[in-house]
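*Asks:* Predicted coordinates and the sequence they were generated for:
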Amino acid sequence: MNTQANYSGSCFCGTVRFTLNGEPEAMAYCHCNSCRHWSAGPVSAFTLWKPDALRVTQGTEHINTFNKNPGSDDTTVMSERQWCGVCGGHICTAHPTMGLIDVPAVVIDGLTFKPAFHVHYQESVHRIADGLPKFSDLPAEAGGSGHLLDEVR
């Protein structure tokens, strides 16, 4: 792994700080109900990273975690959301079944967000006509059906 941090970021108040090495595996928009509620917005702009790309450099003791969407055996966590216990600002969401970590694009300093697609578009409350692929769930490479939807419904 490259030990040179390419990006840095923090929670809303700056108590929790982190670095990200390398480049994201993907950048996209999520329209699912869960992400919309978590982000408190109509759509979530996310970046996906290998877990070892993220390193918390300050404030680890202030990170809180909530596990969402347990698997069929109630021990498999589908998403593990982390935030700062001081300000409530988002840090990341681990997706262990995918082997990736989602870091909201907005908390990464200096990142040029270049989304490649939309996921869970059938749940959208804010349609975005940008010419990018709109998946009903996830791309097949990420374990989804790969089913595409019309851009504007």
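*Replies:* That came through fine.
*Asks:* contacting residues for the residue nearest the centre of the chain?
*Replies:* In the chain, the residue lying closest to the centroid (CA atoms, centre = their mean) is D102, at 2.9 Å. In this structure, D102 makes contact with F46, T47, L48, W49, C92, T93, A94, H95, judged by CB atoms under 8 Å, 6 or more residues apart in numbering. In short, each C-beta sits where N, CA and C put it, glycine included.
*Asks:* Mind picking the two most distant members of those residues?
*Replies:* Within the contacts of D102, two members stand farthest from each other by CB to CB: T47 and A94, at 13.3 Å.
*Asks:* Below-threshold pLDDT in the protein: ranges please.
*Replies:* Low-confidence segments of the chain (pLDDT under 70): 1-5, 69-77, 153.
*Asks:* Which parts of this structure are helices?
*Replies:* In the chain, the segments counted as helices under DSSP state H are 33-39.
*Asks:* Report the contact partners of C84.
*Replies:* Applying CB under 8 Å, 6+ apart to C84 gives the contacts C11, F12, C13, T15, V16, G59, H62, I63, N64, H90, I91.
*Asks:* What about the nearest residue to the third one once chain neighbours are set aside, how many residues nearby?
*Replies:* It stands for C13. Excluding its sequence neighbours, the residue lying closest to C13 (CB to CB, 6 or more residues apart in numbering) is C87, at 3.7 Å. Using other CB atoms under 10 Å, C87 is surrounded by 15 other residues.
*Asks:* same deal with S39?
*Replies:* The burial count for S39: 16, using other CB under 10 Å.
*Asks:* mind checking how far the nearest residue to it once chain neighbours are set aside is from A129?
*Replies:* In this structure, S39 finds its nearest non-sequential neighbour in P104, 7.1 Å apart by CB to CB, 6+ apart. Noted for P104: a distance of 23 Å to A129, by CB to CB, to the nearest Å.
*Asks:* Of the two, which one has the most company?
*Replies:* The neighbour comparison of P104 against A129 (other CB under 10 Å) goes to P104, with 19 against 8.
*Asks:* these two touch, right, the more buried one and S44?
*Replies:* Yes: with contact defined as CB atoms under 8 Å, P104 reaches S44; the gap is 7.0 Å.
*Asks:* and the residue nearest to R55 when sequence neighbours are not counted, what is it in contact with?
*Replies:* Nearest residue to R55 in three dimensions, chain neighbours excluded: T19, at 5.1 Å (CB to CB, 6+ apart). For T19, the contact set (CB under 8 Å, 6+ apart) comprises A5, Y7, S8, G9, L54, R55, T57.
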